[in-house]
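Peer 1: Return atomic coordinates for the entry below.
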Amino acid sequence: MPISRYASFAKKTARIAGRPTTFTLAVSVIAVWLITGPIFQYSDTWQLVINTATTIITFIMVFLIQNTQNRDTAAMQIKLDELIRATSGAHNALLDLEELEEHELEAFRSRYEKLAEQSRSLLKGGQLDTDTSEV
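Peer 2: Here you go, the predicted structure:
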């Protein structure tokens, strides 16, 4: 299945935005803007240029990066679900947890916190803390 033009553009833009060269370019633009302050007598227009530019870039980047993050998160969830599904003895009830309501997630979290507490107690007593069937 081909990636949509927007998704492809968002992915490429997010990669470019995260590079050290891009950061250096951004710092350089700000340095040039600061250096030109005295030339333009720190005018309102001089200030408006940087404010407008950074606002527009930030506004657009939020959506592009969010798209990339959503895709990456979805892919990671699918991979984790597959690991759970393929692992012998794993609890398939843990598949797709991200779709549950907050109170349902809290119930799972509470069970795992109790299991972790019990396991730490076993370890302190010199016993193994593996291969439990509880969830």
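
Peer 1: Going by C-alpha atoms from here, please, whenever you check contacts or count neighbours.
Peer 2: Will do.

Peer 1: could you say what helices and strands the lengthiest helix in the chain packs with?
Peer 2: Ordering each helix of the chain by length in residues (DSSP state H) puts helix 44-86 first. Using 3 or more CA pairs under 8 Å, 6 or more residues apart in numbering; DSSP states H and E, the elements in contact with helix 44-86 are helix 5-17.

Peer 1: Please spell out which residues along the helix it packs on are buried.
Peer 2: For helix 5-17, burial by neighbour count (16 or more other CA atoms under 10 Å) applies to Ala10, Lys11, Ala14.

Peer 1: same thing with stretch 40-53?
Peer 2: Under 16+ other CA under 10 Å, the buried positions of stretch 40-53 are Trp46.

Peer 1: can you list contacts of that stretch?
Peer 2: Stretch 40-53 is contacted by residues Ile30, Trp33, Gly37 when judged by CA atoms under 8 Å, 6 or more residues apart in numbering.

Peer 1: let's see 6 Å
Peer 2: By CA atoms under 6 Å, 6 or more residues apart in numbering, no surrounding residue is in contact with stretch 40-53.

Peer 1: tell me the mean pLDDT over that stretch?
Peer 2: Computed over stretch 40-53, the mean pLDDT rounds to 96.

Peer 1: With stretch 114-129 instead?
Peer 2: Per-residue scores along stretch 114-129 average to 86.

Peer 1: same check, this time on stretch 100-109
Peer 2: Stretch 100-109 shows a mean pLDDT of 92.
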